[in-house]
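Asker: Fold the stuff below for me.
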Amino acid sequence: MKQVILTVTDNRPLTKDVFLMRLTGDMSAVTAPGQFVNLKLDGLFLRRPISVCDVQDDTLTLIYKVVGKGTAQMAALRPGETLNVLTGLGNGYDADIPANDVVLLGGGVGVPPLYLLCKTLLGQGKHVHVILGFNTKDELFFENEFRMLGADVTVTTVDGSYGVRGFVTDALPDRYDYFYSCGPEPMLRAVYRATNTSGQFSFEERMGCGFGACMGCSCKTVTGYKRICKDGPVLKKEEILWDA
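Answerer: So this is what the prediction gives:
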C-alpha cells in the first residue's frame, strides 16, 4: 500500500451513470490486475474504493458508477485537480495459472478489473473469452476495448436488447480450462454454480477502511473469515463457503 497524490487528466461519462477517470502519478504500488485504490474526497470521512481498470506507466484508469454522494463528487472532478489516493490495495488476480483457454465473466461495474487481467493473460499467449453482462444495452461499455486487445467477446443483457438474452452464465462456452469473475454477489453465486473448473472471484463489498483494520467486509471461507479488502478482493473458488 502506498499513499500518493494523483492528478486527474480525464474524467468523462461512458454511459448515463458510468464514468471513466484517468489519473497520473506514482503507480509503483499497483502490481497485479484486480487490485483497487482508495480515494480521499473532500468533506467525506470514508475513502471510496475503486477497482483498477488499467495501468500504463504513470497513468491509472478507473471506471466507476455514480451511486451516491462520493461518486457524484468524483464525477464533478476536472482535469488538473488532484486526489489523495491509497494505491496497491488488495491481492489481485493470480494470472500465473496452468490454463490455456480462459473465460472472464464480468457484470456491470465488475467489468473494469477484468481489462488489465485480460491484457496480462493475452500477453502470456492464452486464449481469452470475455463475457460482459449488463441489464440493458444502454449500460454497455468497453466491448470494443476488449475486442481491440484480441479477446473473444460476448455480451449478455437481461432484457435481450443487445447480444445474448440472459446472464453471463447463459453464455459460458462448452469448453474452457479456468475462469475469472467479478460482479455483484448474486452473479458470483450463479457463476460458482454454473462453472465446472477452478477459478477466481473478485468481490464487490462496502469497505470501511480498505486495508483490513475494521473487519467490516468479511467473507466466510474454509479457513475462517477473510477480509475482502486485505485478504481479497480475489478469492479462489475452492475456499469460498456460501451461506445457504
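Asker: which residue is nearest the middle of this protein?
Answerer: Against the mean C-alpha coordinate of the chain, by CA atoms, centre = their mean, the closest residue is Pro113 at 3.0 Å.
Asker: can you pull the contacts of it?
Answerer: Under the criterion of CB atoms under 8 Å, 6 or more residues apart in numbering, the contact partners of Pro113 comprise 33-34, 36, 51-53, 93, 106, 182, 202. No exception for glycine: its C-beta is placed from N, CA and C like everyone else's.
Asker: What sits closest to it if chain neighbours are left out?
Answerer: Leaving aside its chain neighbours, Pro113 sits nearest to Ser51 (4.1 Å; criterion: CB to CB, 6 or more residues apart in numbering).
Asker: So that neighbour sits against Val234, correct?
Answerer: No - between Ser51 and Val234 there is no contact, the gap being 10.7 Å when judged by CB atoms under 8 Å.
Asker: Those two: which is more packed in?
Answerer: The neighbour comparison of Ser51 against Val234 (other CB atoms under 10 Å) goes to Ser51, with 27 against 24.
Asker: measure the more buried one to Lys137 for me?
Answerer: In this structure, Ser51 and Lys137 are 23 Å apart, going by CB to CB, to the nearest Å.
Asker: can you point me to the longest strand in the chain?
Answerer: Once the chain is assigned using DSSP state E, the strand that runs over the most residues is strand 2-13.
Asker: buried ones in the next helix or strand after that one?
Answerer: Of the helices and strands lying after strand 2-13 in sequence (DSSP states H and E), the nearest is strand 18-24. Taking 16 or more other CB atoms under 10 Å as the basis for neighbour counts, the residues of strand 18-24 that come out buried are 18-23.
Asker: between strand 18-24 and strand 2-13, how many degrees?
Answerer: For strand 18-24 against strand 2-13, the angle between stretch directions is 140 degrees (axes from the mean of the first three to the mean of the last three CA atoms, to 10 degrees).
Asker: Tabulate the contacts of Pro113 (TSV), appending distance to Gly133 and secondary structure.
Answerer: As requested, the contacts of Pro113 are exported to TSV (distance: CB to CB, whole Å; DSSP: H, G, I helix; E, B strand; the rest coil):
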residue	distance to Gly133	secondary structure
Pro33	19	coil
Gly34	18	coil
Phe36	20	strand
Ser51	16	strand
Val52	20	strand
Cys53	17	strand
Tyr93	18	coil
Gly106	7	strand
Cys182	11	strand
Ser202	14	strand
